[in-house]
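Trainee: Model the following, please.
(one chain, ligands or ions: 1)
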Amino acid sequence: FLSGKRALVTGSTSGIGLAMARGLRAEGAQIVLTGFGDQAEIAALQDELGSDYVGADLTTAAGCEALMDGAMENGGTLDILVNNAGMQHVSPVEDFPPEKWDLIIALNLTAAFHTTRRAVPGMKEAGWGRIINTASAHSLTASPFKSAYNASKHGIAGFTKTIALELAQTGVTANCISPGYVWTTLIENQIPDTMAARGLSRDEVVNDVLLAKQPTKKFVQPEEVAALAVFLCRPEAGNITGANYSIDGGWTAG
Ligand code: NAD
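Mentor: Numbering: from 1, shown residues only. As a prediction, the model looks like this:
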């Protein structure tokens, strides 16, 4: 049902974004792949998805502009924009490196502003569009030692509601998906810092910190998050806008 639609998924070289790109591709969308990775890996993904690739560092406004210039070259437009690229840093606030704070806010929040403001005119013109932002359970609740991440994710939830209202009568929807813990490199990479910040072993971090939050005691799968993103692109989802969908094994129910 997405043939003829063009979708940009940020952070689509890995984890949740890659699963979303695969899910949208399976429904016929043309994918613009973006994110970091080695050349061979990116070439293999381009082959698999039959996609264009535009490389950009989305922690800078110039990087976001370059991405959008590449994704919409020759006057092209986007039908689906998924703001998914994100990063984490775990540290007590008094030791939190200010440069890490700036990078996390830039990637997890400000990049979505830059991509959205460039994508919206074409979507409005077409009278159809889907903006999907990967927020987090941390857009609804907080955990200690993740000050920048939690601030950025609460921020993107507010940004999403705002654009949903602005675009309400245009055929363009804007929604957040808020996963709990999904097993990706983003989680793997925070385990050592969480061990240090809390004085715990690796197993204790996985079982007593991460899965302690999820009543199901299971990590969410990237494909489960992707299926929700695909649903939000369906015609039947045209009246879903400004929503923040939890997919967190019951975490935020508690
Ligand atoms: P991941 O590390 O597997 O993927 C992150 C992607 O972002 C990669 O493609 C990477 O290349 C890209 N990226 C990183 N820095 C970038 C930069 N400076 N410029 C451009 N691209 C950059 O992580 P993931 O778990 O798939 O995370 C995807 C999103 O899901 C993030 O927004 C994250 O906050 C969110 N999320 C993840 C979890 C989880 O448990 N994994 C839970 C809730 C929300």
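Trainee: The ligand contacts on the stretch 151-254 of the chain?
Mentor: For the stretch 151-254 of the chain, the residues in contact with the ligand (Cβ under 6 Å from any ligand atom) are P179, Y181, V182, T184, T185, L186, I187. Where C-beta positions appear, they are placed from N, C-alpha and C, glycine not excepted.
Trainee: Check these for the minimum pLDDT and say which it is.
Mentor: Among these, L186 has the lowest pLDDT, at 83.
Trainee: If you tally nearby residues, what's the number for it?
Mentor: Neighbourhood size, L186 [other Cβ atoms under 10 Å]: 17.
Trainee: I'd like to know how far it sits from A85.
Mentor: Distance, L186 to A85, using Cβ to Cβ, to the nearest Å: 10 Å.
Trainee: what's the helix or strand for I132?
Mentor: Assigned by DSSP states H and E, I132 belongs to strand 129-134.
Trainee: ok, residues contacting the helix or strand just after that strand?
Mentor: Counting by DSSP H and E, the element after strand 129-134 in chain order, helix or strand, is helix 147-166. Contacts with helix 147-166, where a contact means Cβ atoms under 8 Å, 6 or more residues apart in numbering, come from 83, 86, 88-89, 93, 96, 100-101, 104-105, 107-109, 112-113, 116, 120, 131, 133, 135-136, 138-140, 142-143, 173-176, 178, 241-244.
Trainee: Just the buried residues of these.
Mentor: 83, 86, 88-89, 96, 100-101, 104-105, 107-109, 112-113, 116, 120, 131, 133, 135-136, 138-140, 173-176, 178, 241-242, 244 (16 or more other Cβ atoms under 10 Å).
Trainee: What segments of the protein are strands?
Mentor: With DSSP state E as the criterion, the chain has strands at 6-9, 30-33, 52-53, 80-83, 129-134, 172-179, 244-247.
Trainee: Which among the residues of the stretch 151-254 of the chain next to the ligand count as buried?
Mentor: P179, Y181, V182, T184, L186, I187.
Trainee: so of the residues you listed, which ones are in helices?
Mentor: L186, I187 (DSSP state H).
Trainee: quick check, nearest of the buried ones among the residues of the stretch 151-254 of the chain next to the ligand to C64?
Mentor: In terms of Cβ to Cβ, no member of these lies closer to C64 than L186, at 20.1 Å.
Trainee: which non-adjacent residue is nearest the closest one?
Mentor: The shortest distance from L186 to any non-neighbouring residue, by Cβ to Cβ, 6 or more residues apart in numbering, is to Q88 (5.7 Å).
Trainee: who's in contact with the one you found?
Mentor: Going by Cβ under 8 Å, 6+ apart, Q88 touches I104, K146, Y149, L186, N189, Q190.
Trainee: So which bits of the worst-scoring helix or strand of the chain on mean pLDDT are buried?
Mentor: Every helix and strand of the chain was ranked by mean pLDDT, DSSP states H and E. The lowest is helix 185-198, at a mean of 89. Residues of helix 185-198 classed as buried: L186, I187, Q190, I191, T194, M195, A197 (neighbour count, 16+ other Cβ under 10 Å).
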